[in-house]
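[1] okay, predicted coordinates and the sequence, questions at the end:
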Protein chains: 2
Amino acid sequence: MEEILINYLSKYITITDELLLAIKESGFIKNFSKGTVLLSEGDLSNECYFILKGCVRCYYNKDGDEKTTDFYTEEQVVISSSYGKNKPSEHYLECVEDTVASVGSPELEAEMYHRFPQLESLARILGDVMMSKYQDTLAEYKIASPEERYLNLLKDRPDLMQRVPQHQIASYLGIKPESLSRIRKRLLNKQK
Amino acid sequence: MEEILINYLSKYITITDELLLAIKESGFIKNFSKGTVLLSEGDLSNECYFILKGCVRCYYNKDGDEKTTDFYTEEQVVISSSYGKNKPSEHYLECVEDTVASVGSPELEAEMYHRFPQLESLARILGDVMMSKYQDTLAEYKIASPEERYLNLLKDRPDLMQRVPQHQIASYLGIKPESLSRIRKRLLNKQK
DNA sequence: TTAAAACGTTGACTATAGTTAAGAAATGAA
DNA sequence: TTCATTTCTTAACTATAGTCAACGTTTTAA
């Protein structure tokens, strides 16, 4: 399993043997079974995750119903916006499948950055990459209609439709399940 | 003007005299007059900005009309999602006011990180901060209705309403100017 | 295996946003 | 100042999403 992580990291930096060893030894890979709640509203977030296998969902509780804002799958990094900050999380993180992930913490990060300064460069670069992604996602979200967002999602992450219930997808698209149902119907009719 | 930047940086790291000098000497502070286009669709982005005074708008051109996705004002960092990447920008950056900004480039960044490694830590931390902000903004956007988004904007950035035309605000909220007009009217009636 | 719960679709109705067009108000340039 | 342009509002109408309720299907757990 470590190799997936190492493969990913080596896209951005050269992995020395020493670093390779440190990663293998640190053994921070954990298994979580479906339904595990990694973070609850109100909790402090002290862990971040790199998903090796599985799927994690981020959602908010708004007046009793769940608003899904993100799905994280293989090779994605899960960092709560409250991670490492001393403020309670406003959202939940939940495994929607059995999940294997490499788990980090501010302490581990600090130690690793100290031992391997190249990792801090990596973290900066990865942070930039993730930030542009959020930036683009936000822009896309503002620009596109619900129907267009659904089509884009189908194109960009076709696997999600098979992996998570449709009402969570609807919520992720910012609409109600009934509306997604109707959008799908509308598209089927257009197709003909 | 530099002091604003230095003040901002010192929130996150200790500024040594040497670094202070380097910042003052590098003289990368520039003035842009209202209407200046900092980046156009199709261009490569080689500059990032820290706004000392003024306002920059990010927008996309979608079938002939402008979709505003961001406003950057004092003490905010403007980084196109294509900055430093070798791919053409999909959006525009335009000064909506006379603007004074500290201008950075990948080359300058690299040089400064080399001379002052603490700056790379800073960049990582700032990247994290900005990322959480985008994350939260995206979540808010998905959770809230246009009306709620408008109310949140009024609360979070009341100055914007005075600084930019309302149709750009509408676009920023993901709605048409006519709809924003109606929302405002609706809210006035509720208030009574 | 079966009963309960969760999920997806549909229909009728409501609320709100988009579209088009017109005109009033504010802004900017000659 | 004055004219032209941009911006904002309003109205009528259309399209789409939200709400509520019902129902059939699928999944889950006892």
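    Great, that's in hand.
[2] ramachandran angles for A:V100?
    Taking degrees, to the nearest 10, you get phi -110, psi 130 for the backbone angles of A:V100.
[3] spit out the contact partners of it.
    By CB atoms under 8 Å, 6 or more residues apart in numbering or on different chains, the contact set of A:V100 is A:M1, A:I29, A:K30, A:N31, A:F32, A:I51, A:L52, A:K53, A:G54. Any C-beta I mention is one placed from the backbone N, CA and C, and that applies to glycine too.
[4] against DNA strand D, how distant is the nearest residue to the third one once chain neighbours are set aside?
    By that I understand A:K30. Closest residue to A:K30 in three dimensions, ignoring its sequence neighbours and counting by CB to CB, 6 or more residues apart in numbering or on different chains: A:V103, at 5.2 Å. Distance of A:V103 to DNA strand D, given as CB to the nearest atom of the strand, to the nearest Å: 25 Å.
[5] returning to that earlier point: DNA strand D: which of the contacts of A:V100 is nearest?
    Nearest to DNA strand D among these: A:G54, at 14.5 Å, using CB to the nearest atom of the strand.
[6] how near is the closest one to DNA strand C?
    On the measure of CB to the nearest atom of the strand, A:G54 and DNA strand C end up 17 Å apart.
[7] and the residue nearest to A:R149 when sequence neighbours are not counted, how far is that from B:K87?
    When the adjacent residues along the chain are set aside, A:R149 lies closest to A:L173, with 5.1 Å between them (CB to CB, 6+ apart). Distance, A:L173 to B:K87, by CB to CB, to the nearest Å: 26 Å.
[8] neighbour count for the two, which is higher?
    Using other CB atoms under 10 Å in any protein chain shown as the criterion, A:L173 and B:K87 rank with A:L173 on top: 22 against 9.
[9] the more buried one: what's it in contact with?
    Residues in contact with A:L173 (CB under 8 Å, 6+ apart) are A:P146, A:R149, A:Y150, A:L153, A:L180.
[10] with A:G174 instead?
    Contacts of A:G174 by CB under 8 Å, 6+ apart are A:Y141, A:P146, A:R149, B:Y141, B:K142.
[11] which residues touch the third one?
    Going by CB under 8 Å, 6+ apart, A:R149 touches A:E140, A:Y141, A:L173, A:G174.
[12] hang on, the earlier thing: and the contacts of A:L173, which of them are in helices?
    Using DSSP state H, the subset of the contacts of A:L173 located in helices is A:P146, A:R149, A:Y150, A:L153, A:L180.
[13] you'd agree the fourth one is up against A:Q166?
    Put plainly, it is A:L153. No. Using CB atoms under 8 Å, A:L153 is not in contact with A:Q166, being 11.6 Å away.
[14] show me which of these two is the more surrounded one.
    A:L153 (16 against 12).
[15] and the gap between that one and DNA strand D?
    From A:L153 over to DNA strand D the distance is 13 Å, taken as CB to the nearest atom of the strand.
[16] burial count for A:G64?
    Neighbour count of A:G64, defined by other CB under 10 Å: 5.
[17] scratch that, A:M161
    With other CB under 10 Å as criterion, A:M161 counts 12.
[18] that one should be in a helix, yeah?
    Yes. According to DSSP: H, G, I helix; E, B strand; the rest coil, A:M161 belongs to a helix.
[19] go ahead and confirm it touches A:K155.
    No. Between A:M161 and A:K155 there is no contact under CB under 8 Å: 11.1 Å.
[20] now, which of the contacts of A:L173 sits nearest B:D70?
    Nearest to B:D70 out of the contacts of A:L173 is A:R149 (CB to CB; 18.7 Å).
[21] just the pLDDT for that closest one.
    pLDDT, A:R149: 95.
[22] please report how far it lies from B:Y60.
    The gap separating A:R149 from B:Y60 is 15 Å, by CB to CB.
[23] also A:S81?
    Distance of A:S81 to B:Y60, given as CB to CB: 25 Å.
[24] compare these two (neighbour count), which wins?
    Each of A:S81 and B:Y60 has its neighbours counted (other CB under 10 Å); A:S81 has more, 22 against 19.
[25] so does stretch A:178-192 get close to DNA strand C?
    Yes. Applying CB under 7 Å from any atom of the strand, one finds stretch A:178-192 touching DNA strand C at A:E178, A:L180, A:S181, A:R182, A:R184, A:K185.
[26] from DNA strand D, how far out is the residue in chain A positioned nearest to DNA strand C?
    Distances between chain A and DNA strand C by CB to the nearest atom of the strand are smallest at A:Q166, namely 3.1 Å. Counting by CB to the nearest atom of the strand, the gap from A:Q166 to DNA strand D is 11 Å.
[27] surely that residue touches A:L180?
    Yes. Applying CB under 8 Å, one finds A:Q166 in contact with A:L180, separated by 6.3 Å.
[28] give the other helices and strands that the longest helix along chain A contacts.
    Ranked by number of residues, the top helix in chain A under DSSP H is helix A:117-143. When contacts are defined as 3 or more CB pairs under 8 Å, 6 or more residues apart in numbering or on different chains; DSSP states H and E, helix A:117-143 sits against helix A:106-115, helix A:146-156, strand B:56-62, strand B:65-72, helix B:117-143.
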